[in-house]
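Trainee: I need the structure of the sequence given here:
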Amino acid sequence: MISFAALCACAHVGRPADNYACNINEAGYCIFTGTPHQTGLKPGTDDIIDRDGHVLFAIHDAVAANSDGQILEAKGTPAADGDDLIESPQEGLSDDEKAFHRVMAIMFPIRNALMYDIESLTQEDWDAWVAALASRKIKETTFTEGPTPKDNYYSRQGIFDLAKNPDGQDIHHDVMKFLEEAGLYLLCHVTSNDFNEMLKETHPEGHDPCEDAGITEKIPF
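Mentor: Model (predicted):
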């Protein structure tokens with residue numbers, strides 16, 4: 001919190017306010033307020049696509065930007081409404097910055113899937129979107145026996161199953177926690193140790209996300 005509810009790129013000034021709400025639609029699904037990202041990385045390719053699947057440009061010419069078109073700074077703070085990918089040369093960016101923008105491109109569709117597209121989302125589609133997490137064993141387990149909801153967390157399959165059957169419950173916190181942690185853990189895998197240390201130093205609750213990720217061997221892009 002890639003909440004990173006996905007990733008945001010403003011300078012760290014503490015945890016941004018979470019203004020999202022979960023509304024149960026007529027079919028019983030939790031649909032979030034806010035707007036979906038309009039771009040994302042097509043799984044298994046280097047193509048940035050729009051919501052209809054049309055190819056826009058290549059990942060190597062893509063950077064994440066806010067609703068004003070300002071390129072996001074490589075940080076671990078949450079995504080914001082209006083963040084999307086724009087076509088822009090990556091010349092001059094560090095390896096960590098390039099990795100950050102690729103993580104954003106991966107996490108935007110995952111965020112859309114859980115927050116906005118869950119009613120039509122298939123298991124096959126979900127598995128494709130989270131392939132980059134699965135290959136790094138990110139979010140493998142579910143734990144729901146904590147003393148408070150804050151102590152609980154869901155695996156990739158667990159959060160999919162929960163979102164597919166929320167049973168009338170507000171699952172806002174569970175989804176946002178999954179997105180935040182999944183994005184941070186992916187960043188830990190694909191960035192340098194110095195970047196990992198920055199994620200620790202700027203975490204709003206003083207956590208070390210890369211230690212929490214339990215990484216024994218990094219798997220970079």
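
Trainee: Would you state the helices of the chain in chain order?
Mentor: 95-115, 123-129, 131-134, 156-164, 172-190, 193-201, 209-212 (DSSP state H).

Trainee: could you give the mean pLDDT of the fifth one?
Mentor: It stands for helix 172-190. The pLDDT scores in helix 172-190 average 95.

Trainee: So for it, what gets flagged as buried?
Mentor: Under the neighbour-count criterion of 16 or more other C-beta atoms under 10 Å, helix 172-190 has 172, 174-190 buried. All C-beta spots, glycine's among them, are computed from the backbone N, C-alpha and C.

Trainee: cool, the third one as well?
Mentor: Of the residues in helix 131-134, those scored as buried under the neighbour-count criterion (16+ other C-beta under 10 Å) are 132-133.

Trainee: list the helices and strands it packs on?
Mentor: Where contact means 3 or more C-beta pairs under 8 Å, 6 or more residues apart in numbering; DSSP states H and E, helix 131-134 is packed against helix 172-190.

Trainee: In contact with Phe118, which residues?
Mentor: Careful, residue 118 is Ile and not Phe. 29-31, 163-164 (C-beta atoms under 8 Å, 6 or more residues apart in numbering).

Trainee: now it: how far from Gly53?
Mentor: In this view, Ile118 and Gly53 are 18 Å apart by C-beta to C-beta, to the nearest Å.

Trainee: on that earlier part again, right, and the pair among the contacts of Ile118 with maximum separation?
Mentor: Ile31 and Lys164 (12.8 Å; C-beta to C-beta).

Trainee: Pro78: which of the helices of the chain is closest?
Mentor: Evaluated with C-beta to C-beta, the helices of the chain place helix 172-190 nearest to Pro78, the distance being 6.3 Å.
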